[in-house]
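> need a 3D model of the sequence below.
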Amino acid sequence: MDVSGTFEKLVGELEYSMFIVTVRAGEQLAGCLVGFSCQTSIDPPRFLACLSRENHTYRVAMSAPEVAVHFVPRQAEALVELFGGCTGDVIDKFSRCTWQPGPAGVPILQECPNWFVGRVLDRLDLGDHVGFLLEPVAAQRAGDPPYYPFRLAKHLEPGHPA
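Okay, the predicted model is just below:
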């Protein structure tokens, strides 16, 4: 097996939590399911959320000063389907879920009691994804894990081309 194929097999076995990222740029709202993300620093606190260049949310986020990162509860299958299997190029996802404006007007999904809003410090070219380096400016922890794991989202057909 070639290196690329072996690497793909290795990382495909990892168990990540899935997140939903929401953004607001002017009057435009967008959001998507995110599988590539991680904490990058403890002090100062930093988080990296990676968005596909093919994604509607990526295009809106390129001019958004803040991004909300939602920790998706394990039982939120319908929300995962909406934000992972549909594209904002075709439907208004926010008319199909319950949300409220959060800090800086960023949409906060009511079905996700744990979330943070981060100020975008940098946008990093990471290949077919762009990493948004975030500095937390607001956060809420109101629910307990377990979170929605990557293995449960593998069946989704992306709302945008892969």
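> show the end-to-end separation of stretch 115-134, please.
Stretch 115-134 has an end-to-end distance of 13 Å (criterion: Cα to Cα, to the nearest Å).
> contact partners of that stretch?
36, 40, 46-54, 58, 61-62, 64-71, 102-104, 106, 108-109, 135-140 (Cβ atoms under 8 Å, 6 or more residues apart in numbering). Bear in mind the C-beta positions are built from the backbone N, C-alpha and C, glycine included.
> same thing with stretch 11-23?
29-37, 49, 51, 57, 60-61, 64, 66-72, 79-80, 83-84, 99, 106-109, 112, 147-153.
> go again with 6 Å.
By Cβ atoms under 6 Å, 6 or more residues apart in numbering, the surrounding residues in contact with stretch 11-23 are 30-35, 37, 49, 60-61, 64, 67-70, 72, 83, 107, 147-150, 153.
> of these, buried ones?
Among the contacts of stretch 11-23, those classed as buried by 16 or more other Cβ atoms under 10 Å are 30-35, 37, 49, 60-61, 64, 67-70, 72, 83, 107, 147-148, 153.
> from those residues, which ones fall inside helices?
60-61, 83, 153 (DSSP state H).
> in stretch 102-110, what counts as buried?
Neighbour counts over stretch 102-110 (16+ other Cβ under 10 Å) mark 102, 104, 106-109 as buried.
> measure how far stretch 49-65 is from the centre of its chain, please.
Taking Cα atoms, centre = their mean, to the nearest Å, one finds the center of stretch 49-65 at 10 Å from the center of the full chain.
> per-residue pLDDT, Glu157?
Looking at Glu157, its pLDDT reads 73.
> ok so, going back, pLDDT check: weakest of the ones in helices among the buried ones among the contacts of stretch 11-23?
Minimum pLDDT for these is recorded at Ala153 (79).
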